[in-house]
Every structure is written in C-alpha cells, then in structure tokens.
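Peer 1: The sequence and its predicted three-dimensional model are supplied below.
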Amino acid sequence: MKNFIKIQFLLIFAITSCSEKKVNNCLDDFEETKNLKTEEIVLQNIDSESRNMIMFDSLCVLSSNFDETYLSMYNINSKKTIKWLNKGRGEGEILHFSDMHKYNDSILYVDAEPKMCLMFNIHDIEKGDYKCLKNVKYSLRPSRNTVLVNDSTVIYQGENSSKDCLDNRFCMENIKTNKFVSFGEFPKEDEIIFTLPKENSVWFITYQGNIRYNKKKKRAVLFYYGAVGFEIMDTQKQKMEVSKFYQYPIVTITRIECPEFTANRAENVKSSKRGFIDGSCTDTAIYFLYSDKTFEEENKGMGVYVLKYDWKGNPIKKYILDTEITSFSLSEDEQYLYGLSSNDESEFVIKYKL
C-alpha cells in the first residue's frame, strides 16, 4: 500500500550489550553527604505544570509547555504573579519553547522556535514591559537546547549535515560574522554508540540533552536525557575537557519508513536510570539534580539528590533533600537552593539552606 508505514527495530543487540555491562553508582562517588531539611515553602498553589525554574533574588521565573503562556514570574515576597510570552505566530509570540537561561543578574533568555533566543530584562517585566531586549536569530540547521555565549554567538546541539565526520556534535554560530563551526566528538569510552548506524541522526538523538553555560569560566556543561553523567566543554578551544559518565545513554532506535519520509525515534530502555534531570553551573562549582529511578518507575522525573562537582569533574558533596523536586535554582551567593516540587493538588517552591 502507498501509505504503508514500515517500522523496524534496529538495536536489540545494543540493549543486550548494555544490560550486561556494569553501571557504576554516582552516589558512591561522594565522601561528604549533607541532609537538607525544608527551611521554608516560599510559593504555594502554583496552578501551572512547570518545567523548570530560575531565581532572580526574590523573583521566581517558571516555564511551562502546557499553558497558553510559556513564562510566569512570581515575587516570593509580595506574591504578585506576571505571565508573558504566548504561544502563536503573531508578533511577540513563539511556536515552541525549549529552555530558559540566566544571562546575568537581571536578564533572562529563552531558547525558542523558530530558531531564536529572546532576551528579557526581568525588572522591566516586573514593571509590565514585556518587550524583549534582543532577538538573536540563528540558522535553520538541526538544533536543540541553545545557549548564548554572548549577545551574538550561540552554541547548540546539532550536526552539520555537510560535515561527514565524528567531530560533529555541536555548532557554534556567530550571528554578526556568519562564522559557523561544528565540533565535538562522541565519548570514546561509549562502546555502543560507534556500533550504531550514523544515518538519520541516530547518534545525535541518542545524546539529546541540556546545556548550561558559565560566562566567567567560558565553559559549557552538558548532561543528557537518560544518561548518568556529564561533559564540560571549553567554548574558546571548542573541545571537550571532561567526559564523566556512570551510565551512557541506553536506547532503542525505531526506524520509521514511509513514502513521504524516513526517520528514527530514540526511546530509553525502561531498566536504565533517568539520570541527571536539571543542572546549574556557578563560578566555583557545578550542580546536578539526580534521579536514581528507572524509566519504568513512577515520578522518574523527580529526585532528592543534588550532586556538587568542581570544574574538573571531581565530586565535592552530595545533598539529600527531604522532598522530591523536578527543577532547582541557586541563590547568587550559593547559600540557598530553591526547588520546584508538586503534589496531587498543585506545585510549590521550597527553600533550602546549603
């Protein structure tokens, strides 16, 4: 039949190999452990299904892909709420929201479709001025999770389709000069990735993840969906400095073929760990929210472990929270951690003293 869709599972052999391979426990890496008790619930009865959060002193910004408005800002003192950045194709609207980042103490930017980073001053937003400061548009190459190195240079996960080599995981693009560089090898210790077919972005979708950037260090930190581990990238030299994994991504790839298109879909093996859910990097350290649950367990996207590493990838301290959270943000002085959590009724934000 003309519209017949053929689905073929490619990687059963990879699942077998991975399941037999011993996986190290990242929690055993830490000699120092600190249990944290809730100091205060700073926000309650949040009515949106939030994805992540960023704190600007007393201002808490939450993002959601489920509401008609992507961003919400809460003043934890006055409890005032402001919502902005709507879904749509009109002026000031976006089609899709990928992630949000803190550019500095007062500027937030969002990674959005179609292929752009929108910068906002949160103090202007608080006053009711919702206009973006700058719209950094980059090329329409395959991309995911973009970060701003400066107001004219972006780094994103995406392969350069014109470059057929292994050194091709990330793209750095200067909007002003139109200079484009692709770089980044896959971890050589991953015994499985190099046995998989490379066509149709199989390698790329296996290593889908998140990026956090530190301007002072000029380093990007990368952690991956369904992997326990992270990498540190020197953005000036455009190379990986640290590659630290306890579990590499374990996926099956479903190949979908029909007359109109051919595509691959990655699905995490249910017995593998959910891994690092959220991350933050400061001038002194790197923090990750870790879920030790597998993909077949409930609430796998929540965790009680916050793991602290130095910029060389060495473990420093393991924090154990008294409540599961889905995302977190640190105060500017790294003295407090704010965690986004939820129950059957609503979401709420917890404050911890580190």
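Peer 2: Received the coordinates, thanks. Numbers count the residues shown, from 1 in each chain.
Peer 1: From here on, just use CA atoms for contacts and neighbour counts.
Peer 2: Fine.
Peer 1: Check which residues of the lengthiest strand in the chain are buried.
Peer 2: Looking across the chain with DSSP state E, the single longest strand is strand 315-325. Across strand 315-325, burial judged by 16 or more other C-alpha atoms under 10 Å covers 315, 316, 317, 318, 319, 320, 321, 323, 324, 325.
Peer 1: what's the answer for stretch 298-312, then?
Peer 2: So, applying 16+ other C-alpha under 10 Å, buried residues of stretch 298-312: 300, 301, 302, 303, 304, 305, 306, 307, 308, 309, 310, 311.
Peer 1: Work out the gap between that stretch and the centre of the chain.
Peer 2: Chain-centre distance of stretch 298-312: 13 Å, with C-alpha atoms, centre = their mean, to the nearest Å.
Peer 1: How about stretch 75-87?
Peer 2: Chain-centre distance of stretch 75-87: 23 Å, with C-alpha atoms, centre = their mean.
Peer 1: Just the terminal-to-terminal distance for it.
Peer 2: Start-to-end span of stretch 75-87 (C-alpha to C-alpha, to the nearest Å) is 23 Å.
Peer 1: Only the buried residues of that stretch, if you could.
Peer 2: So stretch 75-87, judged by 16+ other C-alpha under 10 Å, has buried residues 75, 76, 82, 83, 84, 85, 86, 87.
Peer 1: Secondary structure element holding residue 256?
Peer 2: Assigning secondary structure by DSSP states H and E places residue 256 in strand 251-257.
Peer 1: Neighbouring strands of that strand in the sheet, and parallel or not?
Peer 2: strand 6-9 (antiparallel), strand 262-268 (antiparallel) (DSSP bridges).
Peer 1: May I ask which helix or strand of the chain has the lowest mean pLDDT?
Peer 2: Lowest on mean pLDDT, DSSP states H and E among the helices and strands of the chain sits helix 12-20, with a mean of 36.
Peer 1: For this protein, just list every one of the helices.
Peer 2: Assigned by DSSP state H, the chain shows helices spanning 12-20, 122-126, 202-206.
Peer 1: Quick one: residues in contact with the second one.
Peer 2: Counting contacts by C-alpha atoms under 8 Å, 6 or more residues apart in numbering, the residues outside helix 122-126 that touch it are 82, 106, 107, 108, 130.
Peer 1: In contact with the third one, which residues?
Peer 2: Going back to what we said before, that points to residue 107. Applying C-alpha under 8 Å, 6+ apart to residue 107 gives the contacts 119, 120, 121, 122.
Peer 1: go with 10 Å
Peer 2: 56, 101, 119, 120, 121, 122, 123, 124, 133 (C-alpha atoms under 10 Å, 6 or more residues apart in numbering).
Peer 1: Please determine how far the closest residue to the fourth one other than its chain neighbours is located from residue 322.
Peer 2: The shortest distance from residue 120 to any non-neighbouring residue, by C-alpha to C-alpha, 6 or more residues apart in numbering, is to residue 132 (4.8 Å). Distance of residue 132 to residue 322, given as C-alpha to C-alpha: 38 Å.
Peer 1: Same question for residue 216.
Peer 2: Taking C-alpha to C-alpha, one finds residue 216 at 32 Å from residue 322.
Peer 1: follow-up on the earlier one: of the buried residues of stretch 298-312, which belong to strands?
Peer 2: Among the buried residues of stretch 298-312, the members falling in strands (DSSP E) are 303, 304, 305, 306, 307, 308, 309.
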